[in-house]
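Enquirer: Quick one, fold the following:
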Amino acid sequence: MSEKHVAKYPPMGWNSWDCYGASVCEEELLGNAKYMAENLKEFGWEYVVCDIQWSEPTADSCWYHKFAELNMDEYSRLIPAENRFPSSKGGQGFKPIADQIHDMGLKFGIHIMRGIPRQAVHRNTKILGTDKTARDIAHPASICVWNTDMYGVDASQEGAQEYYDSIFELYAQWGVDYVKVDDLARVDVGPDAPGAGFSEITLIKNAIEKCGRPMVLSLSPGPARVDQKDFLLENANMWRMTDDFWDKWELLYGMFERAEAWQGIGCKDHWPDCDMLPLGHIGVRTTPDRHDDRMTNFTQDEQKLLMTLWCIFRSPLMFGGELRDNDPFTLSLLTNKKLLEMHRDGRKARQISRKKDIVTWMSKTKEGKKYLAVFNLNDEVKETKLKFENYGFDKDEKVKCTEIWSGREGSLENGDKIALNPHGCMCFEIEA
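Expert: Predicted coordinates for the structure are as follows:
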């Protein structure tokens with residue numbers, strides 16, 4: 001990537017998708033940014049990300065409008081819809097919003113679809129930096145099956161790199177710090193798969209390196225393939241392990257298998273991504289009639305379990321709820337210092353055991369502190385016995401610890417039994 005350690009730790013922030021779908025507006029972006037600056041910044045939360053369709057004036061939910069008219073400049077580059085982002089008038093783009101977010105001590109991100117707008121191809125508009133046009137570089141057979149906005153870009157064509165260079169030059173001028181590129185992570189992206197995904201990721205990586213501004217590159221949606229990890233580690237800062245993750249227990253249950261498959265791969269600047277945190281007030285405008293407006297369907301135990309897995313695994317943390325509507329419990333999930341220290345400083349996270357839906361993970365810091373998380377994926381209360389031989393402890397040892405969620409301090413011994421609520425967990429910080 002263009003700067004060493006652009007994502008030294010897994011990025012943490014807020015993304016507009018889970019509450020506003022494709023329809024977020026300027027006031028909502030800035031309102032959530034202000035909340036983050038006042039309540040979460042000190043805990044490491046820093047990115048404010050505007051998700052999909054920000055160039056569409058008519059966007060109103062998660063439901064896409066087929067072949068919608070998008071705001072676009074003369075060089076085939078999408079620009080913000082002025083009715084939703086009034087400060088973008090006069091060709092200013094997202095710069096006024098980014099400036100305000102930067103003034104709060106935060107960072108600004110946007111979502112884009114891979115490719116070039118269909119309307120640019122149909123109108124055969126210009127591309128900055130070349131005499132080639134949108135039609136010259138389009139790959140009309142390379143389309144997204146769930147969104148009609150774009151054609152793929154044919155990386156073999158002259159002008160293809162110049163197009164991507166031009167859009168990232170624009171994002172650098174706006175002050176963008178993070179770009180989530182969609183319709184990429186679950187296609188074949190390895191060096192032996194020269195399809196649209198592979199070629200466009202390469203073009204995007206090159207464009208970021210040229211644009212003069214450090215940017216986190218996040219690839220969506222998943223599931224990305226573990227056998228393509230080397231390519232992903234070389235070319236992206238984040239990549240999705242899963243399709244869109246919502247507040248359904250079966251999806252959270254399935255994340256344990258995905259986390260085990262990707263364990264040991266995340267490292268500085270390169271993070272397998274469990275997807276967003278659908279917590280707090282979500283679904284505000286995810287459907288046109290707003291019938292999905294709700295507080296998360298996850299129980300409090302499930303929310304703690306989710307946060308514990310994401311943090312011990314060291315997934316990026318992108319909160320999806322309307323921050324300004326956080327209740328005290330939701331805020332406590334995002335401000336638990338010991339949990340976030342585990343997320344920031346834990347290393348070599350791995351699944352130790354899984355038996356009858358009792359799952360154990362461990363990680364450790366450079367200084368020797370250890371974290372032990374025990375999860376109950378069963379629908380009933382379960383009791384489990386701690387086995388020190390599995391954790392690298394001496395059988396006769398007594399270890400001092402703090403249970404991260406309750407804050408209780410004490411000690412653990414081999415053979416201790418702990419009772420776990422249905423879909424619940426305990427997570428212990430164990431002194432070095």
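Enquirer: quick check, distance from the host helix or strand of residue 350 to the centre of its chain.
Expert: Assigned by DSSP states H and E, residue 350 belongs to strand 347-355. Distance, stretch centre to chain centre, for strand 347-355: 22 Å (Cα atoms, centre = their mean, to the nearest Å).
Enquirer: what are the pairing partners of that strand, and which direction each?
Expert: Note on strand 347-355: by DSSP bridges, its sheet partners are strand 358-364 (antiparallel).
Enquirer: which secondary element of this structure has the worst mean pLDDT?
Expert: Within the chain, no helix or strand scores below helix 196-211, which has a mean of 88 by mean pLDDT, DSSP states H and E.
Enquirer: Give the next helix or strand downstream of that one.
Expert: For helix 196-211, the following helix or strand on the C-terminal side (DSSP H and E) is strand 216-219.
Enquirer: circling back: for the least confident helix or strand of the chain, packing partners?
Expert: strand 150-153, helix 160-174, strand 178-182, strand 216-219, helix 229-235 (3 or more Cβ pairs under 8 Å, 6 or more residues apart in numbering; DSSP states H and E). Yep, even glycine has a C-beta here, placed from its N, CA and C like the rest.
Enquirer: List the neighbours of that helix that are in contact with it.
Expert: Under the contact criterion Cβ atoms under 8 Å, 6 or more residues apart in numbering, helix 196-211 has outside partners 1-2, 114-115, 139, 142, 152-156, 160-161, 164-165, 167-169, 171-172, 179, 181, 184-185, 187-191, 215, 217, 219, 231, 235-236.
Enquirer: Repeat that for stretch 135-146.
Expert: 64, 113-116, 121, 124, 127, 150-154, 157-160, 163, 182-183, 196.
Enquirer: quick revisit: go through the helices and strands packed on helix 196-211 and name the closest to residue 271.
Expert: Closest to residue 271 of the helices and strands packed on helix 196-211, according to Cβ to Cβ: strand 216-219, at 9.0 Å.
Enquirer: any idea of the mean pLDDT in the closest one?
Expert: Strand 216-219 shows a mean pLDDT of 98.
Enquirer: in its sheet, what does it sit against?
Expert: If you go by DSSP bridges, strand 216-219 pairs up with strand 178-182 (parallel), strand 238-240 (parallel).
Enquirer: Of those strands, flag the one that's most buried.
Expert: Highest mean neighbour count of those: strand 238-240, a mean of 28 (counted as mean count of other Cβ atoms under 10 Å).
Enquirer: What are the contacting residues of the following helix or strand past that one?
Expert: Next in sequence after strand 238-240, counting helices and strands by DSSP H and E, comes helix 249-262. Residues outside helix 249-262 that contact it (Cβ under 8 Å, 6+ apart) are 223, 226, 229, 241-242, 245, 272, 274, 298, 302, 305-306, 309, 313, 315, 351, 354, 359, 375, 377, 423.
Enquirer: please redo it, this time with the cut-off set to 7 Å
Expert: By Cβ atoms under 7 Å, 6 or more residues apart in numbering, the residues outside helix 249-262 that reach it are 226, 241-242, 245, 272, 274, 302, 306, 309, 313, 351, 359, 377, 423.
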